[in-house]
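Novice: need a structure here:
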Amino acid sequence: MAARGIKSAARATPKKPASLAARKRLAANVVEHLATDYGDAECALRFANPLELLVATILSAQCTDVRVNMVTPDLFRRYRSAADFADAKPADLERAIQSTGFFRNKAKNIRACCRQLVERHSGEVPQDLDALVQLPGVGRKTASVVLGTAFGIASGVVVDTHVTRLSQRLGLTKAKDAVKIERDLIALLPREQWIDFSHRMIHHGRQVCVARKPRCDDCSMLSFCPRVGVKN
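Specialist: Got it, this is the predicted structure:
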């Protein structure tokens, strides 16, 4: 009885968390496979300049990129500058973006954001994280998207629902909060990989590692992915 008790206790001992070095090796493996599978991955939002990307990213909150891309062509033909958005009639702008959801709040943020661009930045999108997050409707995620995609500035790792899900499944983080997940990923990834990593993870999350029934048999990372939280 005593021996069995000792054996049971041994089985119940929790595993030690992977060392930082081990998680960095795992992250490097993930980066390598993502680069092979999605080497040309880009931001799914369509834009012609930093202002258009900023507005599109604000619209993408609680909305699919596909829907945003359906709305923005007409929107950007009508409003071509920060001053145009700042001076837009609320009802007209709301009507133009209504299908993206939460349109009243988004229209309010876009107008206020662009007003500050005109008043403080000569109508241009600043290439600075601290300046961007001071704009209405712009959080760290939106700022990182704009800086990374429009300017090639790696200010952080963009953590959306796909990056969150895949980072947890791959064992790169145990955190649930986006800020903590980003902090974990920054510690594991070289800065020069931050921008591409997010784009490629998002593509993988849409095409293979989907939310409900991940296509693990089609995944190039099956051999080393711990599949945390994935039911067989």
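
Novice: contacts, neighbours, all on C-alpha from now
Specialist: Fine.

Novice: Quick one: end-to-end distance for stretch 52-70.
Specialist: By Cα to Cα, to the nearest Å, the extent of stretch 52-70 from end to end equals 14 Å.

Novice: Please point out which parts of it sit buried.
Specialist: By 16 or more other Cα atoms under 10 Å, the buried positions in stretch 52-70 come out as 52-61, 65, 67-69.

Novice: For Val30, grab the count of nearby residues.
Specialist: Per other Cα atoms under 10 Å, the neighbour tally for Val30 reads 21.

Novice: Show me how far the helix or strand hosting it is from its chain's centre.
Specialist: Val30 belongs to helix 20-37 when assigned by DSSP states H and E. Put simply, helix 20-37 sits 18 Å off its chain's centre (Cα atoms, centre = their mean, to the nearest Å).

Novice: Averaged pLDDT, that helix. What do you get?
Specialist: Throughout helix 20-37, pLDDT has a mean value of 96.

Novice: which residues are contacting it?
Specialist: Contact with helix 20-37 is made by Gly171, Leu172, Leu188, Leu189, Gln193, Phe197, Arg200, Met201, His204, Ser220, Met221, as judged by Cα atoms under 8 Å, 6 or more residues apart in numbering.

Novice: and the next element down the chain from that helix?
Specialist: Reading on from helix 20-37 to the C-terminus, the next helix or strand found by DSSP H and E is helix 50-59.

Novice: same for that following helix, what does it pack against?
Specialist: Counting contacts by 3 or more Cα pairs under 8 Å, 6 or more residues apart in numbering; DSSP states H and E, helix 50-59 packs against helix 65-78, helix 103-121, helix 140-151.

Novice: now the helix or strand hosting Leu185, how far from the centre of its chain.
Specialist: Using DSSP H and E, Leu185 falls within helix 178-188. Offset of helix 178-188 from its chain centre (Cα atoms, centre = their mean): 12 Å.

Novice: In CSV, list the C-alpha atoms belonging to that helix.
Specialist: What follows is helix 178-188, C-alpha atoms only, in CSV (Å, rounded to 0.1, in the frame of the first residue of the first chain):
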residue,chain,number,x,y,z
ALA,A,178,-3.1,39.7,-24.9
VAL,A,179,-0.6,42.0,-23.2
LYS,A,180,1.0,39.1,-21.3
ILE,A,181,1.0,36.9,-24.5
GLU,A,182,2.8,39.7,-26.4
ARG,A,183,5.3,40.0,-23.5
ASP,A,184,6.0,36.2,-23.7
LEU,A,185,6.4,36.3,-27.5
ILE,A,186,8.7,39.3,-27.4
ALA,A,187,10.9,37.3,-25.0
LEU,A,188,11.1,34.4,-27.4
